[in-house]
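J.: the following block contains a protein sequence and its predicted model.
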Amino acid sequence: MRIAQLLKSTDYGTKVTVKGWVRTKRGNKNVAFLALNDGSCVANIQIVADLAKISEEELKPVTTGACVAVEGTLVESLGAGQGVEVQAETIEVYGTADPATYPLQKKGHSLEFLREIAYLRPRTNTFGAILRIRHAMAYAIHKFFNDKGFYYLHTPLITASDCEGAGEMFQVTTLDLDNMPRTEEGAIDFAQDFFGKPCSLTVSGQLEGELGALSMGQIYTFGPTFRAEHSNTPRHLAEFWMIEPEVAFFDLKDNMDMAEEFLKYLIRYALENCREDLEFMNKMWDNELLDRLNFVLENDFVRLDYTEGIEILKASGKKFEFPCEWGSDLQSEHERYLVEEHFKKPVILINYPKDIKAFYMKQNEDGKTVRAMDVLFPKIGEIIGGSEREADYGKLSARIKELGIPEKDMWWYLDTRRWGSAPHSGFGLGFERLLLFVTGMSNIRDVIPFPRTLKNAEF
């Protein structure tokens, strides 16, 4: 049985088999106590080994990190803080762990050290909790959209279009890097490449997601995305997961309502289904975590125009590291001031200047702003970015030309505005950004099993 089930059981006297990894071993000349964990919960189950039944020689290879199978009897525990324990009858060692070399001994380890052994860190309480929460959030995302009649659309990981227009993409090629074919002009001859043209790993499934919305009404994507940003910060990954719903006939208000409902659903799901792990994270890493999660549930999100937001920031009298002027993108410190100090509520900032937003966003009638939205949370700043999309062929085509985006790569996207165009909206939620908020961790490298960052692609 899994340890999470055993710890809830009251079937005292029954024979059980439990398997897992030894966290600690202690005892005296008469009895040994093993703390066993199998990854199903934060708590360990105590194994009591009577040395009259199990010899000291048999227990010698049972050290911290060893993997064992225990057969015994489930009994009520007399120790404080635990309801049951297992009185061992046999212990089989599957794999030993030399105490001289096993890195996860019983002591505190820094997060920096644990990143260096990311293949072992899921065996710690912290990363076991994080990965269980990650699983629960992934399940809740699919459940939310499925229950609302959305269709899960798989968008391509290899693409010839740059959704964000930033050019920070990983190239995909089968060409010989030591002997690249060249055209007569000296450029790389991508006609000889596998796809016959330059291709990259996707930065977003949004553009293809729009095609799904304009045929199936409401879709969502949930998959890996890639950004070749030279940003070595606690908030950036080169490989991360994105959730991107797209809905036909939704305007900006509908989009905001969906984003608020979605985030509250996920946080409520976490509080109801990951309580033990969240309480552990609250105790060990961030003692304001549960308060912040409840803060989001208990407050309606403020809808705030970007221009008004800039005026609030400038009138605040607060000295920011980065200046805030109309036309500039807000930094995390600005976003957090609006949420944590001014409104004391989550904020959805809308109607950004068009020059700092992507080409596909619907332009407002003022000619200066677009129907963009960013959802801002305490501690983290922006957690969701989205917009109503430009549905007018002429305006979208003009914007693409204005920004110098090659039409030869975007003809298929423009065609959706030529034939049966419709109002539609959507947003993107970075899965790891969500997990930072839900777990209380401060570095995005600690909420994904194997982080891919600048100069780091280990394991």
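T.: That came through, no problem.

J.: so which strand or helix has Pro61?
T.: Using DSSP states H and E, Pro61 sits in no helix or strand.

J.: what's the neighbour count on the closest residue to Glu76 other than its chain neighbours?
T.: Excluding the flanking residues, the one nearest Glu76 by CB to CB, 6 or more residues apart in numbering is Tyr12, at 5.3 Å. Bear in mind the C-beta positions are built from the backbone N, C-alpha and C, glycine included. For Tyr12, the tally of surrounding residues (other CB atoms under 10 Å) stands at 11.

J.: so where's the chain shaky on pLDDT?
T.: Across the chain, the ranges flagged by pLDDT under 70 are 163-167.

J.: before we move on, back to that, Gly83 is in contact with the residue nearest to Glu76, correct?
T.: No: the pair Tyr12 / Gly83 is not scored as a contact, 9.9 Å apart, by CB atoms under 8 Å.

J.: quick check: Lys318 is in a helix.
T.: No: applying DSSP: H, G, I helix; E, B strand; the rest coil, one finds Lys318 to be coil, outside a helix.

J.: from Ser421, how far off is it?
T.: 44 Å (CB to CB, to the nearest Å).

J.: now for the host helix or strand of Arg399, which elements pack on it?
T.: Assigned by DSSP H and E, Arg399 belongs to helix 393-402. Contacts defined by 3 or more CB pairs under 8 Å, 6 or more residues apart in numbering; DSSP states H and E place helix 393-402 against helix 407-418.

J.: and the next helix or strand past the helix it packs on?
T.: strand 424-430.

J.: what does that next one rub up against?
T.: 204, 206, 209-210, 213-214, 240-252, 254-255, 258-259, 262-263, 373, 375, 383-389, 391 (CB atoms under 8 Å, 6 or more residues apart in numbering).

J.: narrow the residues you listed to just the buried residues.
T.: Buried members of those, counted by 16 or more other CB atoms under 10 Å: 204, 206, 209-210, 213-214, 240-248, 250, 252, 255, 258-259, 262-263, 373, 375, 383-389, 391.

J.: hang on, the earlier thing: for the residue nearest to Glu76, give me its contacts.
T.: By CB under 8 Å, 6+ apart, the contact list for Tyr12 reads 74-76, 84.

J.: correct me, but Thr439 touches Ile130?
T.: Yes: in this structure, Thr439 is within contact of Ile130 by CB under 8 Å, at 5.3 Å.

J.: what do these two both touch?
T.: 281, 447.

J.: re the thing from before, mind putting the contacts of Tyr12 into CSV with distance to Asp189?
T.: Shown next, in CSV, are these (distance: CB to CB, whole Å):
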residue, distance to Asp189
Leu74, 69
Val75, 74
Glu76, 75
Val84, 69
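
J.: and for the nearest residue to Asp162 once chain neighbours are set aside, the neighbour number?
T.: Excluding the flanking residues, the one nearest Asp162 by CB to CB, 6+ apart is Met169, at 5.9 Å. Neighbour count of Met169, defined by other CB under 10 Å: 20.

J.: so who does Met169 touch?
T.: Neighbour list for Met169: 162, 200-201, 203, 226-228 [criterion: CB under 8 Å, 6+ apart].

J.: and the gap between it and Asp277?
T.: 35 Å.

J.: now Phe343
T.: 30 Å.

J.: please identify the helix or strand for Met281.
T.: Per DSSP H and E: helix 275-284 holds Met281.

J.: I meant Met373, not that one.
T.: Here Met373 is assigned to strand 369-377, by DSSP H and E.

J.: residues in contact with that strand?
T.: By CB under 8 Å, 6+ apart, the residues outside strand 369-377 that reach it are 251-252, 255-256, 259-260, 263, 296, 301, 306-307, 330, 335-336, 338-339, 346-354, 357, 361-364, 382-388, 427, 437.

J.: list the buried residues for that strand?
T.: Buried positions in strand 369-377, judged by neighbour count with 16+ other CB under 10 Å: 369-377.

J.: can you check stretch 275-286 too?
T.: Of the residues in stretch 275-286, those buried (16+ other CB under 10 Å) are 277-278, 280-282, 285-286.

J.: then stretch 405-423?
T.: Buried residues in stretch 405-423 (16+ other CB under 10 Å): 405, 410, 413, 416-417, 421, 423.

J.: report the distance from stretch 292-309 to the chain centre.
T.: 21 Å (CA atoms, centre = their mean, to the nearest Å).

J.: swap in stretch 255-274?
T.: Computed by CA atoms, centre = their mean, the chain-centroid distance of stretch 255-274 equals 14 Å.

J.: likewise for stretch 343-357?
T.: 22 Å.

J.: pull out the buried positions in the helix or strand in which Glu58 is found.
T.: Element membership of Glu58, judged by DSSP H and E, is helix 56-59. For helix 56-59, the neighbour count (16+ other CB under 10 Å) marks 58-59 as buried.
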